[in-house]
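Colleague: This is a predicted model, with the sequence first.
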Amino acid sequence: MTKSAMDLVQAAKVNITEITISQANELFVTGSIPLDVRELLEYETGHIPNARHISRGMLEFKIANHPDFHDSATSIVVYCKSGGRSALATETLQQMGFSNVQSMLGGFDDWNAGSDIPAEK
């Protein structure tokens with residue numbers, strides 16, 4: 001059976017925790033790391049303050065060598081543009097042994113539209 005990208009996203013969402021923008025902002029205040037999995041150009045256009053960037057396509061290859069992610073218990077909030085790539089990335093991180101990782105519902109678009117915190121560029 002052939003699966004579409006959206007089928008894969010929906011399957012990932014069954015296995016992960018999704019949090020709201022408000023919940024994500026609360027976690028950022030307490031030290032959770034925002035992880036932007038969009039493409040580099042998207043990230044450079046604007047991102048959540050203090051976000052680390054690893055594009056979804058390179059996540060499995062780069063996360064282990066990133067100094068901020070050596071502890072698999074690190075609190076991570078994954079986001080993308082609207083929530084699809086972050087769901088897939090969150091599931092991947094869980095499969096790689098990260099135990100405290102959530103996907104942000106609505107992604108950067110919703111965060112940027114509804115947050116009082118200005119995006120960094």
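Modeller: On my side now, so go ahead.

Colleague: So, low pLDDT: which residues of the chain?
Modeller: Along the chain, segments meeting pLDDT under 70 are nowhere present.

Colleague: Tell me, how many residues neighbour the closest residue to residue 38 other than its chain neighbours?
Modeller: Excluding the flanking residues, the one nearest residue 38 by Cβ to Cβ, 6 or more residues apart in numbering is residue 80, at 5.1 Å. In this view, the C-beta of every residue, glycine as well, is placed from N, C-alpha and C. The number of residues packed near residue 80 is 24, by other Cβ atoms under 10 Å.

Colleague: Give the buried residues for stretch 32-43.
Modeller: 32-39, 42-43 (16 or more other Cβ atoms under 10 Å).

Colleague: What is the most widely separated pair among the residues you listed?
Modeller: Greatest spatial distance in those: 32 and 39, 22.7 Å, computed using Cβ to Cβ.

Colleague: And residue 22, how close does it get to residue 105?
Modeller: Distance, residue 22 to residue 105, by Cβ to Cβ, to the nearest Å: 10 Å.

Colleague: So which of the two has more stuff around it?
Modeller: Neighbours were counted for residue 22 and for residue 105 using other Cβ under 10 Å; residue 105 has more, 19 against 10.

Colleague: Just list whatever residues bridge to the residue nearest to that one when sequence neighbours are not counted.
Modeller: Spatially, and ignoring its direct neighbours in sequence, residue 105 is nearest to residue 18 (4.9 Å; Cβ to Cβ, 6+ apart). For residue 18, the beta-bridge partners under DSSP bridges are residue 103.

Colleague: Enumerate every residue touching residue 18.
Modeller: For residue 18, the contact set (Cβ atoms under 8 Å, 6 or more residues apart in numbering) comprises 83, 87, 102-105.

Colleague: one step back: can you tell me which of the buried residues of stretch 32-43 end up in helices?
Modeller: 42-43 (DSSP state H).

Colleague: Out of the buried residues of stretch 32-43, which comes closest to residue 75?
Modeller: Taking the buried residues of stretch 32-43 together and measuring to residue 75 by Cβ to Cβ, the closest member is residue 32, at 3.9 Å.

Colleague: I appreciate the help and will end here.
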